[in-house]
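**Q** With the input below, show me the fold.
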Amino acid sequence: MLSDFHNRIAFETIRPNRQIAPIVFNSAHSGRDYPERFIGMSRLNKFAIRQSEDAYVDELYENAPKMGAPLLRALFPRAYLDVNREPYELDQKMFSETLPSHYNLRSPRVKSGLGTIAKIVAHNRPIYSKTLNIADAQMRIEGIYRPYHLTLQKLLSNTFDLFGHAILIDAHSMPSLKKTRNNKAPDIILGDRYGTSCSPQIIDLVETIFLGAGLKTIRNHPYAGGYITHSYGRPNNNVHVLQIEISRHLYMNEASLKKNDNFFAIKKILDNLIMALIELKINRFTNIEPKAAQ
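**A** Numbering: from 1, shown residues only. This is a model prediction of the structure:
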């Protein structure tokens, strides 16, 4: 099957003139290039299908390369393919053929409709008007998913080779939450897999920057970090991953999907965060033990 992205770029790495710090930024869910064939397969219109985007997150972090750190960003949309999942985390009910037994068909993400190829967008609205075939899934996963992760791994490996350690900031946004633990609605959720994906030095610094800007933060609830955080975070080997979720209400109108008047103020806070991470002299942490889930 010919790829929907055979004649356009599915993702890109924006590189600095010279990488000056062991930091890599990743925006895997902000893509907004919707192939016409995909739209034709959907029961949703072009506006409704955008509800799952981490809209404009790539723009919020776009100054990272100018400041000395690479940024990997998806151009394909999350509703089309989610690279923050296992390679074949798929829902059998979405396919007309029997899926191979080695695929992960029963994960919590699949059950919620948000596997590698999503079944729904926000508000539980089904995406597809008919079932898919295996060839379609393989085209997306082998043609885009695997090259994306090869690129991300190479960025981290090259960074490690240059500096002796690497830090990945996995950048996301989230719908505004009405309440979480202790009825506190956070502006920012920091996910380090309960202390297992990055050193305390990194998450403490990031939280300090956000708190200093007057934003409410919480750690690991309800988002502790997805497949990327879990798979790449190896702090005992000096590879650290921190997931940052920014509440969309801070910088955009969640109904219209348009940037609001606060967009550039949030971008400025993130510029300050990027600079603080670049200037961070990280200690070497070993024997990091998982914290108890909270």
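**Q** Quick check: buried residues in the helix or strand residue 210 falls within?
**A** Using DSSP states H and E, residue 210 falls within helix 200-212. Across helix 200-212, burial judged by 16 or more other CB atoms under 10 Å covers 202-203, 205-207, 209-210. Bear in mind the C-beta positions are built from the backbone N, C-alpha and C, glycine included.
**Q** on contacts alone, who are the packing partners of the helix or strand following it?
**A** Past helix 200-212, further along toward the C-terminus, the next helix or strand under DSSP H and E is strand 217-219. Helices and strands in packing contact with strand 217-219 are listed as strand 188-191, helix 200-212; criterion 3 or more CB pairs under 8 Å, 6 or more residues apart in numbering; DSSP states H and E.
**Q** I'd like these written out as TSV, with distance to residue 148 and mean pLDDT added.
**A** Conversion of those to TSV gives the following (distance: least, CB to CB, whole Å; pLDDT from 0 to 100):
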stretch	distance to residue 148	mean pLDDT
strand 188-191	20	98
helix 200-212	24	98
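**Q** mind putting those in TSV, distance to residue 84 included?
**A** Shown next, in TSV, are the helices and strands packed on strand 217-219 (distance: least, CB to CB, whole Å):
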stretch	distance to residue 84
strand 188-191	11
helix 200-212	19
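**Q** closest one to residue 64 among those?
**A** Closest to residue 64 of these, according to CB to CB: helix 200-212, at 14.0 Å.
**Q** and the closest one, how far out from the chain's middle?
**A** Averaging C-alpha positions (CA atoms, centre = their mean, to the nearest Å) puts helix 200-212 19 Å from its chain's average.
**Q** what sits up against it?
**A** Defining contact as CB atoms under 8 Å, 6 or more residues apart in numbering, one finds that helix 200-212 is touched by 167, 187-188, 190, 192, 217, 219, 240, 242, 244, 269, 272-273, 276-277, 280, 282-283, 285.
**Q** Please apply the same query to stretch 81-96.
**A** 28-29, 74, 98-100, 102-105, 107, 109-110, 113-119, 128, 131-134, 137, 140-141, 144-146, 148-149, 170, 226-228.
**Q** one more time with 6 Å
**A** Under the contact criterion CB atoms under 6 Å, 6 or more residues apart in numbering, stretch 81-96 has outside partners 28, 99, 103-105, 107, 109-110, 115-116, 119, 131-133, 140-141, 144-145, 148, 226-228.
**Q** Would you tell me which of the helices and strands packed on strand 217-219 gets closest to residue 255?
**A** When the helices and strands packed on strand 217-219 are compared by CB to CB, strand 188-191 sits nearest residue 255, at 21.5 Å.
**Q** And that closest one, what's buried?
**A** By neighbour count with 16+ other CB under 10 Å, strand 188-191 contains the buried residues 188-191.
**Q** would you list those in TSV and tack on distance to residue 54?
**A** Below are these laid out as TSV (distance: CB to CB, whole Å):
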residue	distance to residue 54
188	14
189	13
190	16
191	14
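**Q** Mind jotting down where the strands sit in the protein?
**A** Defined through DSSP state E, the strands belonging to the chain, from first to last, are 11-14, 23-27, 71-74, 120-121, 125-126, 166-174, 188-191, 217-219, 239-247, 252-253, 258-259.
**Q** Give me the sheet partners of the third one and which way each runs.
**A** Next to strand 71-74 in the sheet, as set by DSSP bridges, lie strand 11-14 (antiparallel), strand 23-27 (parallel).
**Q** Please work out which of those strands is packed deepest.
**A** strand 23-27 (a mean of 26; mean count of other CB atoms under 10 Å).
**Q** Report the distance from that strand to the chain centre.
**A** For strand 23-27, the distance to the chain centre is 10 Å (CA atoms, centre = their mean).
**Q** pLDDT of that strand, averaged?
**A** For strand 23-27, the mean pLDDT works out to 98.
**Q** Burial check on the residue lying closest to residue 22 once chain neighbours are set aside, number of neighbours?
**A** With CB to CB, 6 or more residues apart in numbering as the criterion, residue 22 has its nearest non-adjacent residue at 3.7 Å, and that residue is residue 163. Neighbour count of residue 163, defined by other CB atoms under 10 Å: 16.
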